[in-house]
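Visitor: Below is the sequence, then the predicted model.
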Amino acid sequence: MRTELFNSYTVNSEKLWKAENTLYAFEELLDQATQQFGAEYVEIRAQQLSKTTITMKEGRAETAKQGIEQGVALRVLLDGAWGFASAGSFDIQVLSRIMQDACKMAKATSSSLKTPIKLAHVKTYEDKVKIKTAKNPAKIPIGEKIDTLCRINKRVLGYDKRLKSCTVEYLDVTGTSYFFSSEGARIEQDKIAVWSKITASAVQNGVFTFSREEVGSTDGFEVFDGDKPEVLGEKIAKRAVEQLEAKAPKGGLYPVVLGPNVVGVLMHEAFGHLSEADLTLSSGLLLGAIGKKIASNLVTCYDDGTINGAFGSFKYDDEGVPAQKTPLIKEGVVAGLMHNRETAMKFGVAPTGNARAEDFHVEPIIRMRNTFMEPRDCSLEELLEEVKQGYYFKTFIGGQANLDGTFQVGIQEGYEIVKGKLGKPVRYASISGNTLETLFKVEAVGRDFELSPGRCGKGQTAFVCDGGPHIRVKEMLVGGSSK
């Protein structure tokens, strides 16, 4: 095992100043940008975070790293243009220099803008957000973390001799972030996140199957309490082994029942990104669609940053805007988009608290939080019983979507539906189609509800959840064999 202590993303190792000194220094920077350079708006984001990453393969810890990520990001709006700079330092002289750099950058780019950037008005907050958790991951010894992952790995590989590989990735982040703005926002916010992804493969007679699962929470290390590691390991192993006996589905158009995990990836990949206002402006698919019907009456969808413990939850976004429950679709009608302050001004609406930055190195952009379809009133049995011949797709293995609304999702666990009952398992299945056409074909929605955690990439990585209930879609294109 290779164990490292690291200071990645850190220029020096000095600790964040005491609160009163930090406030004074940041006030000086705000005054410098507004008074000396004439900035219309200034924001300062600072972070001091501890991070642990562990990777295990076949029961052996390959890497285990612990370290500190700390630094400051400065963003200014000057002459209608953004300027941005960051540093892995809290030294006031360093920060003063990069503030000057950000202001010069804004001035240099302002002349090339056709339309000056303006920000929607927001209420400003002075707040200290403290997170109480039974098991703060920062206080859990790394040996205990490794032991927990070993329990998952051992259960997977010990489940069946046909299981040939298992990889467990682990990440936790703890610490504090700070947000100061020239408008008067002063926010100190605790950060806690725990995430793990487990992948396993099985082989038999030349047939290879793959199983994956993720867990993630903003509550703490209690996500692994009790027998959860063994239960998680068995769930992953069982899925991989059962798929060895499966066959490829017959390709074509079929009615399908989708599990919450698959519904979630559709809500996120196929619709959620289209609802991010910056991408809406790029793609045009939902541009001008507010108030228009784009889905079945049964479809209601939200992006919500306020769900306790969910992987995409927080109190304030990286523009100091409170997280909220944002309606995207209500009974088939487009109800809204996800906004930062800039796009909110363009659309003439209020910001939704979706501005997020991966860390102090980058500017905040519009990101999803917890995106889901709202449940209705059908049981799984009722969803199945109307299908004479079709498929039940329970979990996905990967997905992609395009800004024109087309998507494709790979299925890792699926079953035939024959005369309203679950039949034999299928493997190597996929579903594809057009987002809006598919949403119109939703003909029944379950009463259950489940969220799945993940990490979303959009140039930056963001912690998110997605999900919903089981649903039945009248017709989808299923990829499989031609026989």
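Guide: Thanks, I have it.
Visitor: Please enumerate the strands of the stretch 101-250 of the chain.
Guide: Taking DSSP state E, counting those that start in this stretch to define them, one finds strands in the stretch 101-250 of the chain at 126-129, 163-181, 186-204, 207-217.
Visitor: which one of these lies closest to residue 66?
Guide: For the strands of the stretch 101-250 of the chain, distance to residue 66 was read as C-beta to C-beta. The smallest value, 9.5 Å, belongs to strand 163-181. No exception for glycine: its C-beta is placed from N, CA and C like everyone else's.
Visitor: between that closest one and strand 207-217, how big is the angle?
Guide: With axes from the mean of the first three to the mean of the last three C-alpha atoms, to 10 degrees applied, the angle from strand 163-181 to strand 207-217 works out at 30 degrees.
Visitor: Could I get the buried residue list for strand 163-181?
Guide: Counting neighbours by 16 or more other C-beta atoms under 10 Å, one finds that the buried residues in strand 163-181 are 163, 166-181.
Visitor: in its sheet, what does that strand sit against?
Guide: Partner strands for strand 163-181, per DSSP bridges, with pairing direction: strand 41-57 (antiparallel), strand 186-204 (antiparallel).
Visitor: burial of residue 457, as a residue count?
Guide: Residue 457 has 9 neighbouring residues, counting by other C-beta atoms under 10 Å.
Visitor: What of the one 4 residues further on?
Guide: Burial of residue 461, expressed as a neighbour count using other C-beta under 10 Å, amounts to 12.
Visitor: And it, what's its pLDDT?
Guide: Note for residue 461: predicted pLDDT of 96.
Visitor: ok, it touching residue 356?
Guide: No. At 10.0 Å, residue 461 does not count as touching residue 356 under the criterion of C-beta atoms under 8 Å.
Visitor: List the beta-bridge partners for the residue nearest to residue 444 when sequence neighbours are not counted.
Guide: Nearest residue to residue 444 in three dimensions, chain neighbours excluded: residue 472, at 4.2 Å (C-beta to C-beta, 6 or more residues apart in numbering). On DSSP bridges, the residues paired with residue 472 through beta bridges are residue 257, residue 444.
Visitor: Could I get the full set of strands for the stretch 351-483 of the chain?
Guide: Along the stretch 351-483 of the chain, counting by DSSP E, counting those that start in this stretch, strands occupy 355-356, 365-366, 370-373, 389-401, 406-418, 421-426, 429-434, 442-445, 450-457, 461-468, 471-479.
Visitor: Please work out the average pLDDT along the first one.
Guide: When pLDDT is averaged along strand 355-356, the result is 98.
Visitor: Ranking the strands of the stretch 351-483 of the chain by mean neighbour count, which comes first?
Guide: Sort the strands of the stretch 351-483 of the chain by mean neighbour count, taking mean count of other C-beta atoms under 10 Å, and strand 370-373 sits at the top with a mean of 28.
Visitor: which helices and strands sit right next to that strand?
Guide: If you count contacts as 3 or more C-beta pairs under 8 Å, 6 or more residues apart in numbering; DSSP states H and E, strand 370-373 packs onto helix 260-265, strand 301-304, strand 461-468.
Visitor: closest to residue 392 out of these?
Guide: Closest approach to residue 392 among the helices and strands packed on strand 370-373 (C-beta to C-beta): helix 260-265, 9.7 Å.
Visitor: what helices or strands is the closest one leaning on?
Guide: With contacts defined as 3+ C-beta pairs under 8 Å, 6+ apart, helix 260-265 has these neighbours: strand 370-373, strand 389-401, strand 406-418, strand 450-457, strand 461-468.
Visitor: hmm, try it at 7 Å
Guide: The contact analysis (3 or more C-beta pairs under 7 Å, 6 or more residues apart in numbering; DSSP states H and E) places helix 260-265 against strand 389-401, strand 450-457, strand 461-468.
Visitor: how far is that helix from where the chain is centred?
Guide: Using C-alpha atoms, centre = their mean, to the nearest Å, we find the averaged C-alpha position of helix 260-265 to lie 13 Å away from the chain's own average C-alpha position.
Visitor: Mind checking what helix or strand follows that helix in sequence?
Guide: Next along the chain after helix 260-265, taking DSSP states H and E as the criterion, comes helix 277-283.
Visitor: List the buried residues of that following helix.
Guide: By 16+ other C-beta under 10 Å, the buried positions in helix 277-283 come out as 277, 278, 279, 280, 283.
Visitor: Tabulate those (CSV), appending distance to residue 364 and pLDDT.
Guide: Output for the buried residues of helix 277-283, formatted as CSV (distance: C-beta to C-beta, whole Å; pLDDT from 0 to 100):
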residue, distance to residue 364, pLDDT
277, 13, 97
278, 11, 96
279, 15, 95
280, 17, 95
283, 21, 77
